[in-house]
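> Generate coordinates for the sequence data below:
(2 chains)
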2 protein chains.
Amino acid sequence: MSDGLKQFMNEQLPNVEQHMYQLVEEINAPASLKEAMLYSLKAGGKRVRPLFVLAVMDHLQAITPAGYTVGAAVEMIHTYSLIHDDLPSMDNDDFRRGKPTNHKVFGDAHATLAGDALNTLPFGILARMENVPAKAKLQLIELLSVTSGAEGMVGGQVLDIEGEKRQLTLPELIQVHENKTGAILRFSIEAGAILADATEAQRNLFIEYAYHIGLAFQIKDDILDIEGTTEELGKTAGKDVASDKSTYPSLLTLEGAKEKLQQHAEKAHACLAQIPSASQYLADLTDYIVYRNK
Amino acid sequence: MSDGLKQFMNEQLPNVEQHMYQLVEEINAPASLKEAMLYSLKAGGKRVRPLFVLAVMDHLQAITPAGYTVGAAVEMIHTYSLIHDDLPSMDNDDFRRGKPTNHKVFGDAHATLAGDALNTLPFGILARMENVPAKAKLQLIELLSVTSGAEGMVGGQVLDIEGEKRQLTLPELIQVHENKTGAILRFSIEAGAILADATEAQRNLFIEYAYHIGLAFQIKDDILDIEGTTEELGKTAGKDVASDKSTYPSLLTLEGAKEKLQQHAEKAHACLAQIPSASQYLADLTDYIVYRNK
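A predicted model of the protein is given here:
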């Protein structure tokens, strides 16, 4: 990761995190529920989704506090999906980021409900944002609903579960990831463009960028599952191979997957090159997604 | 139920239901997910929440197609909560309205995800409603987020689960129900007032009305659990007593609960009397909630 991007993250992400914790702390809800929600929100992670919101705004030279709010909203959605994914009825994971999963600490019922609450809360948060035009807020709400719901993340999760039972074709695998992880990344990137009042041409380039970086992100994840260590990743390495899961390396070979990763990285950069910026951080973030080791 | 209300329901509810099914059928999502979503949406129920949206609009002489959309949205939220409530990790119910519960048909993972999708979808639906001012749409979205999330329905579900382990006091029981069932009824009633462009004075009266009818609804449910038959109710009667659950009759005696029900019914009617209307349906619906036998 470039020093510049590291500095950008260190400057910006604490704003998102503090705002996110405060948005949960200030709600009038049972203490046990808030504790379960905050436990998973505070469990860390790379905060890639808020980072994309802010890096896109920065690319257009327009970071505002609304970026922190939208960053917090998308991180809540991502966190709810992890809590539900980890449940015994889903992936049945006991650890996430080196810590016991939500249901291991709070029980299955509370974990289900903490996830539900983190699914619902962001929509209200977006609706009451200050200093954002009503039209932009409605666009963000609709986009979050579509990209995180049946047509996006949740639909991708269904395809993923159903795909575990058989070998997927490459188009099927792409469809799983476009929905499961790609859709929410698209939200983050497009949300940054909406908040920064991008032109329609810029917004379309960002949507194309989001497509490529979303697939690059997932291909890299699949490669790391083979090449990374459990210690580096904070989750069990080699799990995909052990479970005979369809992945880019399993369908394309490891070398083929690396080539595909490179192609998507180049296309992502080509989109960005058409939206010139005084800032380098979004380009650096693109490289980080492609070259990270965890 | 009055003949007038019966006719009103027969005329209006099919509009909500058809619109609701169409809103799910038209989304681009895995067939299995849509099937699981539609299974529970089509499982019937009294459609009390959409009915309140429409009866309030009718009370103010202003039913518009947006009422069907908001009715569909709130019924989706209610349905997601039932799907998750029925899960083995929650109430572990095999039957609902005489039909196998969602997870018994589609499995726990798909039921969890169908619930998640039905939680997310309504917010996008509200955001893209036509012929409703942006300000009203944002009010509806924020209200739905608050009343269905940690501060409302989900919070109430947490209190309910935690309350099962011990005897609740009457204030605690009221708090559970104000949140678990009352909050979403409040959404329906206030949403009808927002859509019908009610004055602030009228809206405050509707909020007070919602408080009383919400508690009346739950007290009546508790009474029916004792006095109703499994056949009439479509669910196992006597379950509360068998599980030693805190209810209005257990805390107040059956006679005391009936008295309390009567008090809330009278107060609800008193609120309505201050919002004169050419229509009788909302008053009839109030009576139906209090005198129903299922």
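> where are the low-confidence patches of the stretch 151-294 of chain A?
For the stretch 151-294 of chain A, applying pLDDT under 70 flags the ranges A:233-235.
> interface residues of it facing chain B?
Counting by Cβ under 8 Å from any Cβ of the partner chain, the positions of the stretch 151-294 of chain A adjacent to chain B are A:151, A:154-155, A:157-159, A:161-162. The way it works is simple: take the backbone N, C-alpha and C, and place the C-beta from them, glycine included.
> mind giving me a markdown table with those and columns for distance to A:Val48?
Shown next, in a markdown table, are those (distance: Cβ to Cβ, whole Å):
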| residue | distance to A:Val48 |
| --- | --- |
| A:Glu151 | 21 |
| A:Val154 | 19 |
| A:Gly155 | 21 |
| A:Gln157 | 18 |
| A:Val158 | 23 |
| A:Leu159 | 21 |
| A:Ile161 | 23 |
| A:Glu162 | 26 |
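> Out of those, grab the one that's most surrounded.
Greatest neighbour count in those, by other Cβ atoms under 10 Å in any protein chain shown, goes to A:Val154: 30 neighbours.
> That one against B:Thr120, yeah?
Yes: between A:Val154 and B:Thr120 there is a contact at 6.8 Å, judged by Cβ atoms under 8 Å.
> what touches both of these two?
Residues touching both A:Val154 and B:Thr120 (Cβ atoms under 8 Å, 6 or more residues apart in numbering or on different chains): A:Ser148.
> Looking at the residues of the stretch 151-294 of chain A next to chain B, which are in helices?
When DSSP state H is applied, these are split such that A:154-155, A:157-159, A:161-162 fall in helices.
> thinking again about what came up before, out of the residues of the stretch 151-294 of chain A next to chain B, flag the one nearest to A:Ile77.
Using Cβ to Cβ, A:Val154 is the member of those that lies nearest A:Ile77, at 10.4 Å.
> Which residue, other than its chain neighbours, is closest to that closest one?
Nearest residue to A:Val154, sequence neighbours excluded (Cβ to Cβ, 6 or more residues apart in numbering or on different chains): B:Ala117, at 4.6 Å.
> How about the contacts made by that neighbour?
For B:Ala117, the contact set (Cβ under 8 Å, 6+ apart) comprises A:149-150, A:154-155, B:29, B:33, B:37, B:80.
> Give me the contacts around stretch A:258-277.
Contacts to stretch A:258-277, defined as Cβ under 8 Å, 6+ apart, come from residues A:58-61, A:202, A:205-206, A:208-209, A:212-213, A:215-216, A:219-220, A:223, A:248, A:252, A:282-283, A:286-287, A:289-290.
> One more pass at 7 Å, please.
Contact partners of stretch A:258-277, identified using Cβ atoms under 7 Å, 6 or more residues apart in numbering or on different chains, comprise A:59, A:202, A:205, A:208-209, A:212-213, A:215-216, A:219-220, A:223, A:248, A:252, A:282-283, A:286, A:290.
> List the buried residues for it?
Buried residues in stretch A:258-277, defined by neighbour count with 16 or more other Cβ atoms under 10 Å in any protein chain shown: A:258, A:260-261, A:264-265, A:267-269, A:271-272, A:275, A:277.
> now swap in stretch A:165-172 and tell me
By neighbour count on 16+ other Cβ under 10 Å, the buried set for stretch A:165-172 is A:Leu168.
> what does stretch A:46-53 give?
Buried residues in stretch A:46-53, counted by 16+ other Cβ under 10 Å: A:47-53.
> Could you tell me which of those residues belong to strands?
Within the buried residues of stretch A:46-53, no residue falls in strands by DSSP state E.
> May I see the residues you listed organised as TSV, with pLDDT added?
TSV is the format used below for these (pLDDT from 0 to 100):
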residue	pLDDT
A:Arg47	97
A:Val48	96
A:Arg49	98
A:Pro50	98
A:Leu51	98
A:Phe52	98
A:Val53	98
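> If we only consider those, which is nearest to chain B?
A:Arg49 (15.9 Å; Cβ to the nearest Cβ).
> Please look at that closest one and A:Ile189 and confirm they touch.
No: counting by Cβ atoms under 7 Å, A:Arg49 does not reach A:Ile189; the two are 9.4 Å apart.
> returning to that earlier point: does the residue nearest to A:Val154 belong to a helix or a strand, and which?
Using DSSP states H and E, B:Ala117 falls within helix B:108-127.
> Would you mind giving the orientation angle of that helix with respect to helix A:108-127?
Counting by axes from the mean of the first three to the mean of the last three Cα atoms, to 10 degrees, helix B:108-127 lies at 20 degrees to helix A:108-127.
> helices and strands around the helix or strand just after helix B:108-127, which ones?
The helix or strand immediately downstream of helix B:108-127 is helix B:134-148, counting by DSSP H and E. Under the contact definition 3 or more Cβ pairs under 7 Å, 6 or more residues apart in numbering or on different chains; DSSP states H and E, helix B:134-148 sits against helix A:108-127, helix A:134-148, helix B:65-86, helix B:108-127, helix B:183-195.
> export those to JSON lines and tack on distance to A:Asp244?
Conversion of the helices and strands packed on helix B:134-148 to JSON lines gives the following (distance: least, Cβ to Cβ, whole Å):
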{"stretch": "helix A:108-127", "distance to A:Asp244": "27"}
{"stretch": "helix A:134-148", "distance to A:Asp244": "29"}
{"stretch": "helix B:65-86", "distance to A:Asp244": "31"}
{"stretch": "helix B:108-127", "distance to A:Asp244": "19"}
{"stretch": "helix B:183-195", "distance to A:Asp244": "44"}
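> picking that back up, now which of the contacts of stretch A:258-277 would you call buried?
Buried residues within the contacts of stretch A:258-277, counting neighbours by 16+ other Cβ under 10 Å: A:59, A:202, A:205, A:209, A:212-213, A:215-216, A:219-220, A:223, A:248, A:252, A:282-283, A:286, A:290.
> where's A:Tyr209 relative to chain B, distance?
Applying Cβ to the nearest Cβ, to the nearest Å, the value for A:Tyr209 to chain B is 22 Å.
> Now do the phi/psi pair for that residue.
phi -60, psi -40 (degrees, to the nearest 10).
> In chain A, which residue is most central in space?
A centroid search over chain A (Cα atoms, centre = their mean) returns A:Arg49, at 4.3 Å, as the residue closest to the centre.
> Give the other helices and strands that the strand or helix carrying A:Pro14 contacts.
Assessed by DSSP H and E, A:Pro14 sits inside helix A:3-25. Helices and strands touching helix A:3-25, by 3+ Cβ pairs under 7 Å, 6+ apart, are helix A:31-41, helix A:48-59, helix A:65-86, helix A:281-291.
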